[in-house]
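Asker: Return atomic coordinates for the entry below.
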Amino acid sequence: MASELDVAAKRAVLRMFTYGLYVVGVSDGDDTNVFTANWLTQVSFEPPLLALSVENGCRSHGIIERGRRFAVSVLETGRRELAGDMGRHSTEVPDKLTRVPHTFAGNGCPVLGDALGYVACEVESSISAGDSTLYVARVTEAVVLREGEPLTMREAGFRHAG
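Answerer: Now for the predicted structure:
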């Protein structure tokens, strides 16, 4: 017999999960955007695959649906403010890329100039996941730009409601 889910316990336990904070760049032709993500993980070594969860209805979701690619910039510890700025909704800040130095990965997606490194990915599949879409993508390019420790959700003090 299933019991009622304890919402407070669910939130407490889910907040114990560890996450990194990344800036994801997306592109479909001239339509580009970046957003802050933390629901991202490696799911396979061979072939190299990542899973990325993206909120349905946001601008970047539509760009990924059309372009079928993205790039993930790894932020360095101490870059909480940058993660927050890149996480602002595109209705508030329509062109976040004008605020930061950036280049483009081989797949045409933006990557941050001061990232520790990045991977470029091509979407292989997607599945509806509640209020989000889960994309599974093949890593097609990996670049280490410099050494350093990556930023985490815990360090930044960001958290999801769960």
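
Asker: Report the beta-bridge partners for the residue nearest to the spatial centre of the chain.
Answerer: Against the mean C-alpha coordinate of the chain, by CA atoms, centre = their mean, the closest residue is Ala37 at 3.1 Å. Legend: beta-bridge partners of Ala37 under DSSP bridges are Tyr22.

Asker: ok, now which ones touch it?
Answerer: Contacts for Ala37 (CB atoms under 8 Å, 6 or more residues apart in numbering) come out as 21-24, 52-54, 72. Quick note: C-beta positions are derived from backbone N, CA and C, even for glycine.

Asker: switch the cut-off to 10 Å
Answerer: Going by CB atoms under 10 Å, 6 or more residues apart in numbering, Ala37 touches 19-24, 52-55, 60, 70, 72, 83, 86-87.

Asker: now swap in His102 and tell me
Answerer: 23, 25, 32, 34, 73, 96, 109-115.

Asker: Is it bridged to anything, and to what?
Answerer: Under the criterion used here (DSSP bridges), His102 is bridged to Leu112.

Asker: ok, now how distant is it from Ser73?
Answerer: 8 Å (CB to CB, to the nearest Å).

Asker: With Leu5 instead?
Answerer: The value you get for Leu5 to Ser73, if CB to CB is used, is 35 Å.

Asker: the more surrounded of the two?
Answerer: A direct count of neighbours by other CB atoms under 10 Å for Leu5 and Ser73 places Ser73 higher, at 27 against 8.

Asker: what helix or strand is the more buried one on?
Answerer: If you go by DSSP states H and E, Ser73 is part of strand 69-74.

Asker: for that strand, packing partners?
Answerer: On a contact count with 3 or more CB pairs under 10 Å, 6 or more residues apart in numbering; DSSP states H and E, strand 69-74 meets strand 22-28, strand 31-37, strand 49-55, helix 59-67, strand 102-104, strand 110-112, strand 117-129, strand 132-144.
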